[in-house]
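Visitor: got a predicted structure plus its sequence, pasted below:
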Amino acid sequence: MASVDFEHVDKTFPDGTHAVVDCSLQIANGELMVFVGPSGCGKSTLLRLLAGLEQVTSGTVRIGGQVVNDKTPQERNIAMVFQDYALYPFMSVRRNLEFPLKMRKLPRDEMRRRVDSVAGLLDIAPLLDRLPKQLSGGQRQRVAMGRALVREPAVFLLDEPLSNLDAKLRVQVRAEIGELQHRTRTTMIYVTHDQVEAMTLGDRVAVLDRGWLQQVATPRELYDRPANVFVAGFVGNPPMNLFATRAAVDDRGRTTLSVGDQRVPFSRADIGPAARGQLTAGIRPEGFKLASSDSADAGIKVKVEHVEYLGHETLAHVCAGEPAREEAIRLIARLQGMHELAKGDTLRLAIDPDRVHLFGENGAALVGT
């Protein structure tokens, strides 16, 4: 096990693509860190830089406090699992697991000890004599992970390892990976574009976009306190409702925010000089509730455009204002339970003022909101 440090790491490819930009990040010994972001954000490149499969353009990479910029992949004591299992098809499971140990010329007894230990850990001992083609997708993924674990690496890297599995199996194997990391306490870095995987697996999550590190935080902090508009819109399913707004003080001295041509109270009376210009407001879908009255003070007036009934909850896709007008704002409200709503219905939605986020003109979250 070892810590990992990226210090002002840049990676520019020969065609001029700036894949990673000034990335500084510390990963603790025994931590499960998840890199998440859309395709092309730099998360897999960052993993390959750590593994030594790509060379940094500038900056420093450390493993266990040691600079590894000039070390080969073999010298870094890192094990990697890719989205395709890359198992040798004509080798048994046991021989697949033994292969990296043979390359290191370990004694036969030591190889057997490590293979039997990892097979027991991953519950694949009954499969040791089978060929990969005789295994299910989840079993093949466990063998691929086992082949990495037998090396007893300092850092374990997983690059979208569940993308080839069906939805049900992804949930199962995801839970197994989390349990495995908890038991072994191996430093693990997991790359995914799936925010559900990121939020359910990571001790911390690093969100990237176009090569830039946007925020590093626990899943709860990412959800409750996104650092900027990108993180706010990326994390959450359905995503946070984001719309242009302006702050004002009404005739009762209350700070209010515009929602299209309507206004709603905002819980923080003093939002500072940074909030005087054009802002972006963010409200999670669960920040809405059906208003108990039809008065303007009860909430915003919206028209239902689409409804998703999910049993335990209803997702109402609504529009605040006339849909054809430029200032109309489309929102998603998560309502607990089943609600009899239909397209064209008019509702009033109350907004929890404490659950409104504000972002400045540069997209960064305003301090204190």
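Guide: Cool, got the structure.
Visitor: quick one: contacts of stretch 299-313?
Guide: Contact with stretch 299-313 is made by 259-260, 262, 264, 289, 291, 314-320, 323, 330-331, 333-339, 341-351, as judged by CB atoms under 8 Å, 6 or more residues apart in numbering. In short, each C-beta sits where N, CA and C put it, glycine included.
Visitor: if we go to 6 Å?
Guide: 259, 262, 291, 315-320, 334, 336, 341, 343, 345-350 (CB atoms under 6 Å, 6 or more residues apart in numbering).
Visitor: from residue 364, how far out is the closest residue to residue 334 other than its chain neighbours?
Guide: Leaving aside its chain neighbours, residue 334 sits nearest to residue 285 (3.7 Å; criterion: CB to CB, 6 or more residues apart in numbering). Using CB to CB, to the nearest Å, residue 285 is found at 23 Å from residue 364.
Visitor: if you count surrounding residues, which of those two has more?
Guide: In this view residue 285 and residue 364 are compared by other CB atoms under 10 Å, and residue 285 has more residues nearby, 20 against 12.
Visitor: now do the contacts for that one.
Guide: Contacts for residue 285 (CB under 6 Å, 6+ apart) come out as 238, 332, 333, 334.
Visitor: try it again at 8 Å.
Guide: For residue 285, the contact set (CB under 8 Å, 6+ apart) comprises 236, 238, 240, 241, 315, 332, 333, 334.
Visitor: the last one reaches residue 290, doesn't it?
Guide: Going back to what we said before, that points to residue 334. No - counting by CB atoms under 8 Å, residue 334 does not reach residue 290; the two are 11.5 Å apart.
Visitor: can you lay out the contacts of residue 285 as a markdown table showing neighbour count?
Guide: Putting these into a markdown table (neighbours: other CB atoms under 10 Å) gives the following:
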| residue | neighbour count |
| --- | --- |
| 236 | 19 |
| 238 | 15 |
| 240 | 21 |
| 241 | 25 |
| 315 | 15 |
| 332 | 18 |
| 333 | 26 |
| 334 | 17 |
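Visitor: closest one of those residues to residue 70?
Guide: Nearest to residue 70 out of the contacts of residue 285 is residue 236 (CB to CB; 41.2 Å).
Visitor: if I look at the closest one, what pLDDT would I see?
Guide: On pLDDT, residue 236 comes in at 91.
Visitor: so it is in which element?
Guide: Assessed by DSSP states H and E, residue 236 sits outside every helix and strand.
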